[in-house]
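> The following comprises the amino acid sequence and a computationally predicted model.
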Amino acid sequence: MARRVDGDPWLLALAEWLRTRLPGDARYGDPLSIGGSAVSGVLGRRLAVLAARQPSVLRELGFGALQVWQSQAEGEPADEGEQELAVLFTDLAGFSTWTLEVGDDFAVEMLREVGAAIEPLVQRRGRLVKRLGDGLMAVFPHAHDAVEAGLAARDAVERLAVRGHRLRLRAGVHVGRPRELGQDYFGRDVNIAARVAGAAGAGEVLISSSTLERLDNTGFVLRRKDFFHAKGVPPGVGVYRVDTETR
């Protein structure tokens, strides 16, 4: 009886409609929305596993409760992409090729050293969104903080030496209004930030023109990077190399 009620098409349609009337993301429960380490995300993933076999009224009601919980905890404006943020991407130049030479164990040891060196610098004024193999993504409320974090991370990696080996970090910063979903960020501005970082050379920190517009330039040396073009990046987006005046 309970199983039949839980799968009743009319009740299921009603539960799905009710979710569209609740605050928060009415599609909460898909893989994008239940990422992250927040309690709502952890519970959401467990509920998704338990109820993945078939449509369920109880599943929709459970996700509806978590949907409201998440919306109250995280706030609606950020989820709609209304908050301006500076997005920072970093990675290690040539890391994949270097890994083939030194082996996995050594590479993991280096990644641990790099993480311990740069993550506190990033989290001092920003929020670490996710680790990406040999790099990371973070967001900052102010462009100046994101640029300083990228430069500090670059310098910290250059000071590292594991068994006599050294690596170099590259980074990119773009300011925009990314869409927040499940403690992650998506959208065009995230893609632009990733492309800017991908255009950087070893030891380089690049920033977009929107980032430059929000800097007071105090303590920074800037030089435009010519011939920047990346798929998915609007033609009007300029890119600049940034460094400290003391370097």
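Yep, that arrived. Residues are numbered from 1 along each chain as shown.
> going forward, measure contacts between C-alpha atoms and count neighbours the same way
OK.
> Am I right that residue 189 falls within a helix?
Yes: counting by DSSP: H, G, I helix; E, B strand; the rest coil, residue 189 falls inside a helix.
> what's the distance between it and residue 197?
Going from residue 189 to residue 197 by C-alpha to C-alpha, to the nearest Å gives 12 Å.
> what about these two, which has more around it?
Set residue 189 next to residue 197 and count neighbours by other C-alpha atoms under 10 Å: residue 197 wins out with 24 against 20.
> Residues in contact with stretch 82-89: which ones?
Stretch 82-89 has contacts (C-alpha atoms under 8 Å, 6 or more residues apart in numbering) with 77, 135-143, 146-147, 150, 171-179, 189-190, 193-194, 197, 211.
> Using PDB, list the CA coordinates for it.
What follows is stretch 82-89 as a C-alpha-only set of coordinates in PDB (Å, rounded to 0.1, in the frame of the first residue of the first chain):
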ATOM      1  CA  GLU A  82      23.400  38.500  -8.900                       C
ATOM      2  CA  GLN A  83      26.500  38.800  -6.700                       C
ATOM      3  CA  GLU A  84      29.700  40.100  -8.400                       C
ATOM      4  CA  LEU A  85      32.700  38.000  -7.600                       C
ATOM      5  CA  ALA A  86      36.300  37.600  -8.600                       C
ATOM      6  CA  VAL A  87      36.900  34.000  -9.900                       C
ATOM      7  CA  LEU A  88      40.500  32.700  -9.500                       C
ATOM      8  CA  PHE A  89      41.800  29.500 -11.200                       C
END
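> Enumerate the positions of it that are buried.
By neighbour count on 16 or more other C-alpha atoms under 10 Å, the buried set for stretch 82-89 is 84, 85, 86, 87, 88, 89.
> Could I get the phi/psi values of the second one?
Taking degrees, to the nearest 10, you get phi -140, psi 150 for the backbone angles of residue 85.
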